[in-house]
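Peer 1: Sharing a model prediction with you, sequence too.
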Amino acid sequence: QGNMAFAGKYEFEGDENYDDFVTKIGLPSDKVEMGRNCKIVTEVVQNGNDFTWTQHFPGGRTTTNTFTIGKEADMETMGGKKFKATVKMEDGKIVAEFPNYRHTAEISGGKLVETSVASGVVYKRTSKKIA
């Protein structure tokens, strides 16, 4: 495993509880439709504790968050809101407290598994490694 476990390109494979989750976090309906079964490609560049985490959406839109484990960084949510967060590493998982949800990312069985929890609703997104 080690520190370089996250580097790579991952393509969306499936998710659970999407609708419940986006309703809980108050995502606008146009964004909800856009994100449903969206073939997001997540690209992770990792250099020790420094990460560049980019999500490529169909149609050319991208969201990039750059952060260092243990340091406060400027981040952006699924809905495009800007905020500050200190990203932590816990048991090999990346953990970030977003304004209205807690997000974790881990590599499990060669896949990128992202879990977000908002008011008891657990949203899980799995992406398979493509590069």
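Peer 2: Nice, I can see it.

Peer 1: and residue 32, that one's in a strand?
Peer 2: No - using DSSP: H, G, I helix; E, B strand; the rest coil, the assignment for residue 32 is helix, not a strand.

Peer 1: Counting neighbours, what do you get for it?
Peer 2: Here the number of neighbours of residue 32 (other C-beta atoms under 10 Å) works out to 16. Placement of C-beta: from N, CA and C, glycine included.

Peer 1: now it, nearest residue through space, not along the chain?
Peer 2: Excluding the flanking residues, the one nearest residue 32 by C-beta to C-beta, 6 or more residues apart in numbering is residue 22, at 4.9 Å.

Peer 1: for the one you found, phi and psi?
Peer 2: phi -70, psi -30 (degrees, to the nearest 10).

Peer 1: could we number from 6 for the rest of this?
Peer 2: I'll keep to 6 as the first residue from here, and by that count the last item is residue 27.

Peer 1: Contact partners for it?
Peer 2: Residue 27 is in contact with 36, 37, 40, 83, 128, counting by C-beta atoms under 8 Å, 6 or more residues apart in numbering.

Peer 1: try 10 Å
Peer 2: Contacts for residue 27 (C-beta atoms under 10 Å, 6 or more residues apart in numbering) come out as 33-34, 36-38, 40-41, 83-84, 121, 123, 126, 128.

Peer 1: any chance of the residues you listed in TSV, plus pLDDT?
Peer 2: Output for those, formatted as TSV (pLDDT from 0 to 100):
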residue	pLDDT
33	85
34	85
36	81
37	85
38	82
40	79
41	79
83	66
84	70
121	94
123	94
126	96
128	96
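
Peer 1: Closest to the centroid, which residue in the protein?
Peer 2: Geometric centre of the chain, nearest residue: residue 119, 5.8 Å, by C-alpha atoms, centre = their mean.

Peer 1: returning to that earlier point: keep only those of the contacts of residue 27 that are in strands.
Peer 2: The members of the contacts of residue 27 that map onto strands under DSSP state E are 121, 123, 126, 128.

Peer 1: just the buried members of the contacts of residue 27?
Peer 2: Using 16 or more other C-beta atoms under 10 Å as the burial test, the contacts of residue 27 include 37, 40, 83, 84, 121, 123, 126, 128 as buried.
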